[in-house]
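Visitor: Next one to model:
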Amino acid sequence: MARITIVPSDGIMIVDGVARDIDMTGIDPTIHAVQWQGTRGEIEYNDTKSHEQIDDITPFDSFLALWTAAVPPIPKPKSAGSLSAEELADQMIVDGTMTRAKVDAIKAAR
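Guide: Next comes the predicted model:
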């Protein structure tokens, strides 16, 4: 089974390392992220609710369908050394190593 990460605040879903922007309309606004690996996962909340362990990803199937239907991003052939700061930030978001919120916070702190 796939490794899935859903980050509603960034409008991004990553399946087996492939990130795509999708419409998160309808997802619980208290969800910070959904992490799924194989047969188990976790819902991380952005409020005081404790993280929830899950063993069923089907409640998020509609988002997986949107991910499947989304046009994959065009790969960037540049090496990390030749990327601008903005391009590197975008690549890190696609790779799942950074969120849009974190990039925006870094820009605001400059």
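Visitor: Got the domain ranges for the chain?
Guide: Following automatic domain parsing, the chain resolves into domains at 1-73, 74-110.
Visitor: what's the burial count for Phe62?
Guide: Slight slip there: residue 62 is Ser, not Phe. For Ser62, the tally of surrounding residues (other Cβ atoms under 10 Å) stands at 14. The way it works is simple: take the backbone N, C-alpha and C, and place the C-beta from them, glycine included.
Visitor: which residues does it contact?
Guide: Gly26 (Cβ atoms under 8 Å, 6 or more residues apart in numbering).
Visitor: What is the neighbour count of the closest residue to Ile43 other than its chain neighbours?
Guide: With sequence-adjacent residues excluded and distances taken as Cβ to Cβ, 6 or more residues apart in numbering, Ile43 is closest to Glu52, at 4.4 Å. Residue neighbour count, defined by other Cβ under 10 Å, stands at 12 for Glu52.
Visitor: lowest-confidence stretch among the domains of the chain?
Guide: Ranked on mean pLDDT, the bottom entry among the domains of the chain is domain 74-110, at a mean of 75.
Visitor: Name the residues of that domain that are buried.
Guide: Neighbour-count burial for domain 74-110, counted by 16 or more other Cβ atoms under 10 Å, picks out 88-94, 96, 98-100, 103.
Visitor: Same question for stretch 61-73.
Guide: For stretch 61-73, a neighbour-count test (16+ other Cβ under 10 Å) marks 63-64, 66-67 as buried.
Visitor: now stretch 41-61
Guide: Neighbour counts using 16+ other Cβ under 10 Å place 41, 43-44, 54, 57, 60 of stretch 41-61 among the buried residues.
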